[in-house]
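Engineer: can't give you the sequence, but here's the structure:
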Ligand SMILES: Nc1ncnc2c1ncn2[C@@H]1O[C@H](COP(=O)(O)OP(=O)(O)O)[C@@H](O)[C@H]1O
Ligand SMILES: N[C@@H](CCC(=O)OP(=O)(O)O)C(=O)O
C-alpha cells in the first residue's frame with residue numbers, strides 16, 4: 001500500500017471549527033472557497049472527496065450574539081441548529097462556483113452503530129459520490145445528548161472513513177500537524193512528520209484543544225488516526241491554511257503529519273465482519289455463486305442463493321454456506337430473511353416485481369463480504 005495520498009481514489013477531509021469560523025468570529029467564506037477550489041481540482045483528477053465540517057456551534061453562538069460558548073446542552077443544541085444553516089449555505093455557495101452541488105448529511109452515533117442505518121448511510125454517501133455531489137457531514141448535534149454523542153468530529157471523520165472504505169482521512173486544523181507536545185504550551189515542541197497510528201506514545205504527546213472553539217485538540221485526532229487505521233486508511237493531520245494543501249497531498253507531497261496504518265484494507269474489513277458481530281442467519285448458495293465469490297471476488301446475488309435459514313433483518317451479518325453446508329463467507333445482508341426468501345433464484349431486474357421495492361441488486365455486496373479463503 002502506498003503511504004502517501006497519490007493513489008487515493010476517495011478521501012475524507014475533516015475541517016475544524018477554528019478554521020471554518022475564523023476562531024469563532026464567523027464563517028470564513030474565503031477559507032471555504034479555497035478548500036472548494038482545491039476539492040474541485042482534486043475531483044477533476046479522479047479523487048473523490050467527502051467533507052466532514054465542524055463549526056455549527058461556533059457559528060450559532062456568533063449568530064445568536066452570545067458572548068461565549070454555553071455549557072448547557074440545550075443551548076449548545078440550539079446554537080448548532082442555527083449555525084448549521086450557515087455552514088450548509090456557505091459550502092453550497094463555495095462549490096457552486098465550480099458547478100458542484102453539496103449535500104448535507106447529519107449523523108448520530110446510532111446511525112453508525114446500527115447495522116441497517118450503517119448500510120443506508122453508506123449507500124446514500126456512495127450514491128451522492130456517483131452523482132458528483134460533495135457530501136458535507138456533521139454530527140446531528142441537535143438531537144444528540146451527552147451520553148450518546150460522538151462528541152468530536154475527528155472521531156466522526158474516522159467513522160465516515162471506515163463507513164465508505166476511504167483510502168485516507170485528512171484532518172485540517174490550525175497547526176502544522178502533530179508535535180511531540182502541544183506547541184502552544186511548549187515552544188520547543190518537535191514536529192513529527194510520520195508516525196505509526198498505533199505508536200504507544202501518541203496519546204501522551206497529544207494535548208487538548210488549542211482555542212475555545214475547538215473540541216478535543218490533538219488528542220481526538222490521534223484517536224481518530226488509530227480508528228481510521230483499523231480499516232487500513234492512513235491519516236494526515238495538516239494545516240488548513242497551508243497553500244494548496246489538499247492538491248499537494250494528493251500529488252504525493254509530504255505535508256503535515258502522516259499516521260500510517262499497519263493493517264491491510266482487506267484484513268481490517270474482514271476483522272470487523274468476522275470479529276464483531278453475531279450471526280443472525282444464513283443462506284445456501286449454488287456452485288456458480290461460490291465460484292463468483294471465491295474466484296472472481298464478486299458480490300452475492302439473489303440468483304445464486306438456493307435457501308434461506310434463520311431470521312435476519314436488512315443490515316445483519318449472515319453466514320454464506322455452500323452446497324455441502326460449509327461456511328464459505330460472511331457478510332451484511334441487504335435484504336431481510338423474509339425478503340430474501342422471496343427473491344432466491346431471482347435476477348436483479350425481478351427484485352422490484354417480487355418485493356414491490358428494491359434496495360441493491362446484490363444480497364451481499366462484495367465490500368460487505370468476508371471470505372474464508
Ligand atoms: N502534540 C500536539 N501537537 C499539535 N497540536 C496540539 C498538540 N497537543 C495539543 N494540540 C492543540 O490541538 C489544537 C488543534 O485542535 P482543536 O483546537 O480541537 O482544533 P480543530 O477545531 O481543528 O479540531 C492545536 O491548536 C494545538 O494547540
Ligand atoms: N459538531 C460540532 C463540532 C464538534 C467538533 O469536533 O469540533 P472541532 O474540534 O472543531 O472539529 C459543530 O459543528 O459545532
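Structural biologist: Thanks, I have it. Computed from a prediction, not measured in an experiment: that's the story for all the values here. Numbering: from 1, shown residues only. Ligands and ions are numbered 1, 2, ... in the order given.

Engineer: And the helix or strand hosting residue 18, what does it pack against?
Structural biologist: Per DSSP states H and E, residue 18 falls inside helix 17-20. Where contact means 3 or more Cβ pairs under 8 Å, 6 or more residues apart in numbering; DSSP states H and E, helix 17-20 is packed against helix 29-44, helix 56-63, strand 168-173. C-betas here are computed from N, CA, C, even on glycine.

Engineer: residues contacting the residue nearest to the spatial centre of the chain?
Structural biologist: Closest to where the C-alpha atoms of the chain average out (Cα atoms, centre = their mean) is residue 160, at 1.1 Å. Residue 160 makes contact with 12, 50, 52, 107, 125, 137, 166, according to Cβ atoms under 8 Å, 6 or more residues apart in numbering.

Engineer: Serialize those to CSV and add fields for pLDDT.
Structural biologist: Putting those into CSV (pLDDT from 0 to 100) gives the following:
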residue, pLDDT
12, 98
50, 98
52, 98
107, 93
125, 96
137, 98
166, 94
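
Engineer: now do the same end-to-end measure for stretch 331-348.
Structural biologist: 19 Å (Cα to Cα, to the nearest Å).

Engineer: Report the residue spans of the stretch 151-300 of the chain with pLDDT below the cut-off.
Structural biologist: Across the stretch 151-300 of the chain, the ranges flagged by pLDDT under 70 are 266-278.

Engineer: Please repeat the previous calculation with a cut-off of 80.
Structural biologist: Scanning the stretch 151-300 of the chain for pLDDT under 80 picks out the ranges 151, 209-215, 264-278.

Engineer: which bits of it sit near ligand 1?
Structural biologist: Residues of the stretch 151-300 of the chain that fall close to ligand 1, judged by Cβ under 6 Å from any ligand atom: 173-175, 178-179, 181-184, 205-207, 209-211, 214-218.

Engineer: And the strands in this protein?
Structural biologist: Per DSSP state E, the chain carries strands over the ranges 10-15, 48-53, 102-107, 134-139, 168-173, 194-196, 234-239, 257-260, 281-285, 305-310, 317-321, 327-332, 369-371.

Engineer: which one of those lies closest to ligand 2?
Structural biologist: strand 134-139 (4.3 Å; Cβ to the nearest ligand atom).

Engineer: Which elements pack onto that closest one?
Structural biologist: Counting by 3+ Cβ pairs under 8 Å, 6+ apart, the packing neighbours recorded for strand 134-139 are helix 29-44, strand 48-53, helix 73-96, strand 102-107, helix 115-130, helix 153-164.
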